[in-house]
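S.K.: Okay, sequence plus prediction incoming.
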Amino acid sequence: MTEPLFREVAPIPLDVASCNGSYIIDKRGKRYLDFIMGWCVGNAGWNKKVISDSMKKFSGPTYVSPTYKYSRWEVLAKKLVSLMPQKGYTCFRATGGTEAVELALKISKAYNHRNKFIAFDGAYHGQSLACLGLVGIHEDKFGPYGESYIRLKLGDWEETTQKTVDAINRGDISAFISEPILCNLGVIVPPVSFFKEVRDACSKTDTLFIMDEVATGFGRTGKVFGFEHYDVKPDIVAIAKGFSSGYAPIGATIADARIAESMRFDFSNYSTFGWHPLAVESALANIQYIGTRLIKNTEKMGSVLSDKLSEFCKPEGKGLCIGFRIKNPNLENDCRNDGLLINVMGKRAVLFPALDISKNEIEKAVKIIENNF
């Protein structure tokens, strides 16, 4: 019999019925402590009344065409640029992370008219062909991707830094793009010197410096944006996921206003559902809810989580964005059987709990991990 809904080869065997706080409940009523939160989506936690109520109370338009004006777009854009530690940014509307990164690449090419991009090999920036090409995912299926993409291999950071700077100094690369913390490589934290030297090389060659904050933004690392740990100024920032904490699909590309001017031509970009009115309300309520309180809790509970994990492994990360090497290749399945959701990538496990996670929930999760480690 033909499947009515095409699925990936190996979906996780969890039939979701509901979710609340830091828990997912399946159709049998079993509760799972969620330490993935939709892969950095549910920063605020699931089913938060203050966010869902703001959406229920919404009485604005069903839809607004991108060719019209909508005052709430301006409100959200002003809020976003005010969150940036530096001034002089503007926003582009998007529906999610892939579209936000695509926009970043388009802005780069429109600005300096170059064709090459540099990114980490095997990282992740989205599901479009351009995003997959950046990191070489599924080239055997969707490629060849061509010579537009230069991919950095993880290794000794001094050597990686030098190779990256040398490539940028050739002056033919449109943009460098990276997550500030490499979540999709198992939570790898580059040294401050790496991003500082790459930023300097980009500035000297008019190469754009793009931070992909789709996973790391909105408090995940203990700061509003992950790049703030490195004291660098990005030219472009891509956001989604924690932007609304999953209450509605929404993304954005925040760009230096001077660079963004390169996109001021007819039909340079069009997003049919970018910043749907209901999604705007969810994002505004989410940003207010996360505020400074949950970011402070992230910093505090991140230290608790790292300290407890360090009793049996070597955690790496910032805030509640944690990864570590594993011994048990079945750790993900074993933890799920015990009521904990984590993710294993090769030889590393990653943990992305809600930003309002409690100490008791952390202790419960760590005990399950240690018992199966």
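M.R.: Yep, it's here. Here the structure is a predicted model, which means the values were calculated and not measured.
S.K.: pLDDT wise, what is Ile36 at?
M.R.: pLDDT for Ile36: 98.
S.K.: What of the one 4 residues further on?
M.R.: Predicted confidence (pLDDT) for Cys40: 98.
S.K.: again, but for Gly97
M.R.: At Gly97, pLDDT is 98.
S.K.: for Glu159, same thing?
M.R.: Looking at Glu159, its pLDDT stands at 97.
S.K.: in the helix or strand it falls within, what counts as buried?
M.R.: Glu159 is part of helix 157-169, with elements assigned from DSSP states H and E. By 16 or more other CB atoms under 10 Å, the buried positions in helix 157-169 come out as Thr160, Thr161, Thr164, Val165, Ala167, Ile168. Where C-beta positions appear, they are placed from N, C-alpha and C, glycine not excepted.
S.K.: Then stretch 271-282?
M.R.: Ser271, Gly274, Trp275, His276, Pro277, Leu278, Ala279, Val280, Glu281, Ser282.
S.K.: related to what we said a few turns ago, is it possible to export the buried residues of helix 157-169 to TSV including distance to Pro11?
M.R.: Shown next, in TSV, are those (distance: CB to CB, whole Å):
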residue	distance to Pro11
Thr160	35
Thr161	39
Thr164	36
Val165	41
Ala167	38
Ile168	40
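S.K.: now do the same end-to-end measure for stretch 268-288.
M.R.: In stretch 268-288, first residue to last residue: 32 Å (CA to CA, to the nearest Å).
S.K.: quick one: it to chain centroid distance?
M.R.: 17 Å (CA atoms, centre = their mean, to the nearest Å).
S.K.: Identify the residues contacting that stretch?
M.R.: Contact with stretch 268-288 is made by 43-44, 50-51, 54-55, 58, 60-64, 66, 70, 72-73, 75-76, 79, 83, 92-95, 99, 103, 106, 110, 218, 242-245, 247-252, 263, as judged by CB atoms under 8 Å, 6 or more residues apart in numbering.
S.K.: now stretch 185-194
M.R.: 120, 122-123, 154, 157, 160-161, 164, 178, 180-182, 229-231, 316-318, 321-324, 345-350.
S.K.: Drop anything exposed from those.
M.R.: Buried among the contacts of stretch 185-194 by 16+ other CB under 10 Å: 120, 122-123, 160-161, 164, 178, 180-182, 229-230, 316-318, 321-324, 345, 348-350.
S.K.: Now for the buried residues of stretch 271-282: which two are most distant?
M.R.: By the measure CB to CB, Ser271 and Glu281 form the most distant pair in the buried residues of stretch 271-282, at 17.6 Å.
S.K.: So which of the contacts of stretch 185-194 sit within helices?
M.R.: Among the contacts of stretch 185-194, the members found in helices (DSSP state H) are Trp157, Thr160, Thr161, Thr164.
S.K.: Which of those residues sits closest to Ser303?
M.R.: Closest to Ser303, out of all of the ones in helices among the contacts of stretch 185-194 and judged by CB to CB, is Trp157, at 23.9 Å.
S.K.: and the closest one, what is it in contact with?
M.R.: So Trp157 contacts Pro190, Pro191, Ser193, Phe194 (CB under 8 Å, 6+ apart).
S.K.: For Thr160, which non-adjacent residue is closest in space?
M.R.: Leu152 (6.1 Å; CB to CB, 6 or more residues apart in numbering).
S.K.: OK, contacts around the one you found?
M.R.: Ile118, Ala119, Phe120, Asp121, Thr160, Lys163, Thr164.
S.K.: What is the burial count for Lys56?
M.R.: The tally of other residues near Lys56 (other CB atoms under 10 Å) stands at 10.
S.K.: That one and Val224: what is the separation?
M.R.: Counting by CB to CB, to the nearest Å, the separation of Lys56 from Val224 is 27 Å.
S.K.: just Trp39 next, same as before
M.R.: Taking CB to CB, one finds Trp39 at 19 Å from Val224.
S.K.: In the stretch 101-250 of the chain, where is pLDDT below threshold?
M.R.: Within the stretch 101-250 of the chain, not a single segment meets pLDDT under 70.
S.K.: now the strands: where do they sit in it?
M.R.: With strands called from DSSP state E, counting those that start in this stretch, the stretch 101-250 of the chain shows them at 116-120, 149-152, 173-178, 208-212, 236-239.
S.K.: Tabulate those strands in a markdown table, adding columns for distance to Asp140.
M.R.: Listed next are the strands of the stretch 101-250 of the chain as a markdown table, based on distance: least, CB to CB, whole Å:
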| stretch | distance to Asp140 |
| --- | --- |
| strand 116-120 | 19 |
| strand 149-152 | 15 |
| strand 173-178 | 23 |
| strand 208-212 | 24 |
| strand 236-239 | 26 |
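S.K.: among those strands, which is nearest Leu33?
M.R.: Of all those, strand 236-239 comes closest under CB to CB, at 26.6 Å.
S.K.: next helix or strand past that closest one?
M.R.: strand 251-256.
S.K.: Would you mind listing the outside residues contacting the helix or strand just after that following strand?
M.R.: Next helix or strand after strand 251-256 toward the C-terminus (DSSP H and E): helix 257-260. The contact list for helix 257-260 (CB under 8 Å, 6+ apart) reads Gly88, Tyr89, Thr90, Phe92, Ile107, Tyr111, Leu208, Asp235, Ile236.
S.K.: how about helix 257-260: buried residues?
M.R.: Ile259, Ala260.
S.K.: and if you look at stretch 119-137?
M.R.: 119-120, 122-126, 130-137.
S.K.: Repeat that for stretch 37-56.
M.R.: Buried residues in stretch 37-56, counted by 16+ other CB under 10 Å: Met37, Gly38, Cys40, Val41, Gly42, Asn43, Ala44, Gly45, Trp46, Lys48, Ile51, Ser54.
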